[in-house]
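Peer 1: Quick one, fold the following:
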Amino acid sequence: MYQTIIADHTELFEEAIAHFSEEMAKLRTGRATPALVDHILVDYYNTRSPLKQIASVSAPEAKLIVISPWDKGTLVMIEAAIREANLGLNPANDGQVIRLSLPPLTEERRKDLVKALNRLAEEARIAVRTIREDAWKEIQAREKEGGMSEDDKFQGKDALQDVVETYNARIEELRKKKEGEIMTV
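Peer 2: Residues are numbered from 1 along each chain as shown. Next up is the predicted model:
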């Protein structure tokens, strides 16, 4: 009986991992990636739109991001949005595309990025714990209703903890991999 409750919450655990991965992609490593600017909102005809919906974003070189808007009239708006995002990047507008040249990361900036990464990892672990608590409350409620024995309740608690440890291990694995990318010169 507890297996169905855990299975119902597995999708939520996966969503927490996916959200953590998306947030990690926004952290800058030594290499240019379109994910650094995809989340930027541009004021496009009085509507805040994600950059990836109004332009093509590519990284043709390790230290360069090229943004090609579908409507050339939006170049100034995109440039302003990039400056507002405080990414530490200076957009170069040539009338056709915007080029973002990524300066090399300093040791201090790398350490700041690792701190931000650790903060994101902790938020992901908190999300996993919150989902665990919801599942545990559901198991307890099922036992009080008489739909599950007390032994099943405690087996469910152990099984739920095993699932949580698996997801926490995945978070740590992703965090270590990203930390390695950030700290590599």
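Peer 1: distance from the centroid: which residue in the protein tops it?
Peer 2: Largest separation from the mean C-alpha position in the chain: Gly146, at 40.3 Å (C-alpha atoms, centre = their mean).
Peer 1: if I look at that residue, how far off is Leu12?
Peer 2: 26 Å (C-beta to C-beta, to the nearest Å). In this view, the C-beta of every residue, glycine as well, is placed from N, C-alpha and C.
Peer 1: Looks to me like Tyr56 is in a strand.
Peer 2: Just so we're on the same page, residue 56 is Ser rather than Tyr. Yes: assignment of Ser56 by DSSP: H, G, I helix; E, B strand; the rest coil places it within a strand.
Peer 1: Could you break the chain into its assigned domains?
Peer 2: If you go by automatic domain parsing, the domain ranges for the chain are 2-25+106-183, 35-101.
Peer 1: Going by neighbour count, list what's buried in the helix or strand of the chain with the lowest mean pLDDT.
Peer 2: Ranking every helix and strand in the chain by mean pLDDT, DSSP states H and E puts helix 35-38 at the bottom, with a mean of 80. Using 16 or more other C-beta atoms under 10 Å as the test for burial, helix 35-38 gives 35-37.
Peer 1: Over to stretch 14-21?
Peer 2: Those would be 16-17, 20, for stretch 14-21 by 16+ other C-beta under 10 Å.
Peer 1: With pLDDT and distance to Ala116 as new columns, can those residues be given to me in CSV?
Peer 2: Formatted as CSV, the buried residues of stretch 14-21 follow (pLDDT from 0 to 100; distance: C-beta to C-beta, whole Å):
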residue, pLDDT, distance to Ala116
Ala16, 93, 18
Ile17, 93, 18
Phe20, 92, 13
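Peer 1: what's the average pLDDT for stretch 162-174?
Peer 2: Here stretch 162-174 scores 94 as its mean pLDDT.
Peer 1: Could you do stretch 140-152 as well?
Peer 2: Mean pLDDT, stretch 140-152: 87.
Peer 1: Give me the contacts around it.
Peer 2: Contacts made with stretch 140-152 from outside it, assessed by C-beta atoms under 8 Å, 6 or more residues apart in numbering, are listed as 1-2, 5, 139, 153, 156.
Peer 1: From one end of it to the other, what's the distance?
Peer 2: Taking C-alpha to C-alpha, to the nearest Å, stretch 140-152 runs 10 Å from one end to the other.
Peer 1: quick one: buried residues of it?
Peer 2: 142-143, 148, 152.
Peer 1: what residue ranges in this protein score low on pLDDT?
Peer 2: The model of the chain has pLDDT under 70 over residues 30, 185.
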